[in-house]
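**Student:** have a look at this fold, sequence not included:
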């Protein structure tokens, strides 16, 4: 009977231990209609950007402004309503990437990963191969240059709408770096893109070139959430407080049961 009492006590303590374990941190892995994504435009182009492929018109944004997407449908590309600067336009993420120069306009191979990429080993490998092919040096490729890629943890500050705080998370990403060869006119294109291996979302971007007018755009992910926000992590303080109260009550019940069983022996 004493062994049984001790077992009950140990089992109860084990339950409490599991309850206070912190929740895992990460980004959602699937998208559906109504999901929304927000990026900070850390650096905006100085001049008007013509959103030609998305048919969004002339875009003018400011530094530290917000770019967002509300997902409409998910297929080969993610179609959504994109808000950036003074425009809003419904388009797929590849068209937006072309307008914002988030890729490489190689010949004969173009590389436009978009605002989202498909995850999974085979998809990432295909994305990587296309990136290198777009930068491959050849007589007809104006974007001759050097492409490199690596897997890396990228720190990003994301908004938690439950605790209404910003949290820093380290997201496992595939990171691309492109450097165009020197050109006879203007400044060569330099593009850095980081995509989450979990969700496929663009986590960070920095792209620049000059072909008469200088162009520079820097983006960083702020928030990615489903229609009813399910955030990346619960506020640890709130979580531990709640589980601590419940755990304390459970422990009290277990101790009472343990004492009664011990006395009955």
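**Tutor:** Right, received. Where do you want to start? This one's a predicted model, so the numbers in the text were calculated from it and none came from an experiment.
**Student:** C-alpha only now, for contacts and for neighbours.
**Tutor:** Will do.
**Student:** OK, contacts around the closest residue in space to residue 59 that isn't next to it in sequence?
**Tutor:** Nearest residue to residue 59, sequence neighbours excluded (Cα to Cα, 6 or more residues apart in numbering): residue 49, at 5.0 Å. By Cα atoms under 8 Å, 6 or more residues apart in numbering, the residues touching residue 49 are 58-60, 99-100.
**Student:** of the residues you listed - the most surrounded one?
**Tutor:** When neighbours are taken as other Cα atoms under 10 Å, the top entry among the contacts of residue 49 is residue 100 (21 neighbours).
**Student:** what distance do you get for the closest residue in space to residue 61 that isn't next to it in sequence to residue 100?
**Tutor:** Nearest residue to residue 61, sequence neighbours excluded (Cα to Cα, 6+ apart): residue 85, at 3.8 Å. Here the criterion is Cα to Cα, to the nearest Å. By it, residue 85 lies 12 Å from residue 100.
**Student:** just to revisit the earlier point, could you check how far the residue nearest to residue 59 is from residue 220?
**Tutor:** From residue 49 to residue 220 the distance is 19 Å (Cα to Cα).
**Student:** could you pull out the strands in the chain for me?
**Tutor:** For the chain, the strands defined by DSSP state E occupy 36-43, 49-51, 57-59, 65-74, 78-84, 87-92, 145-160, 165-180, 187-196, 202-211, 213-225.
**Student:** direction included, what does the third one pair up with?
**Tutor:** Each strand pairing with strand 57-59, determined using DSSP bridges, is listed with its direction: strand 49-51 (antiparallel).
**Student:** chain center to the strand it pairs with, what's the gap?
**Tutor:** Relative to its parent chain, strand 49-51 has a centroid offset of 24 Å by Cα atoms, centre = their mean, to the nearest Å.
**Student:** do stretch 66-81 as well
**Tutor:** A distance of 14 Å separates the centroid of the chain from that of stretch 66-81, by Cα atoms, centre = their mean.
**Student:** repeat that for stretch 207-224.
**Tutor:** Relative to its chain's centre, stretch 207-224 lies at 17 Å (Cα atoms, centre = their mean).
**Student:** then stretch 101-113?
**Tutor:** Taking Cα atoms, centre = their mean, one finds the center of stretch 101-113 at 21 Å from the center of the full chain.
**Student:** and residue 137, how far from residue 197?
**Tutor:** Computed as Cα to Cα, the residue 137 to residue 197 distance reads 28 Å.
**Student:** so between the two, which is more surrounded?
**Tutor:** residue 197 (24 against 17).
**Student:** in this structure that one contacts residue 116, no?
**Tutor:** No: between residue 197 and residue 116 there is no contact under Cα atoms under 8 Å: 10.5 Å.
**Student:** tell me the contacts of residue 165?
**Tutor:** residue 159.
**Student:** partners of it in the sheet?
**Tutor:** The partner list for residue 165 in beta bridges (DSSP bridges) reads residue 160.
**Student:** hey, what's residue 151 bridged with?
**Tutor:** Residue 151 forms beta bridges with residue 174, as assigned by DSSP bridges.
**Student:** what's the burial count for it?
**Tutor:** 14.
**Student:** contacting residues for the nearest residue to residue 46 once chain neighbours are set aside?
**Tutor:** Ranked by Cα to Cα, 6+ apart and with sequence neighbours excluded, the top spatial neighbour of residue 46 is residue 215, at 7.0 Å. By Cα under 8 Å, 6+ apart, the residues touching residue 215 are 45-47, 207-209.
**Student:** and residue 120, how many neighbours?
**Tutor:** 12.
**Student:** can you check residue 157 too?
**Tutor:** Count around residue 157 with other Cα under 10 Å applied: 16.
**Student:** surely it meets residue 203?
**Tutor:** No: Residue 157 is beyond contact range of residue 203, at 10.0 Å (criterion: Cα under 8 Å).
**Student:** what touches both of those two?
**Tutor:** With Cα under 8 Å, 6+ apart as the test, residue 157 and residue 203 both reach residue 221.
**Student:** mark out where each domain of this structure begins and ends.
**Tutor:** 36-225, 236-265 (automatic domain parsing).
**Student:** just name the most buried of the ones you listed.
**Tutor:** Neighbour counts (mean count of other Cα atoms under 10 Å) averaged over each of those peak at domain 36-225, with a mean of 18.
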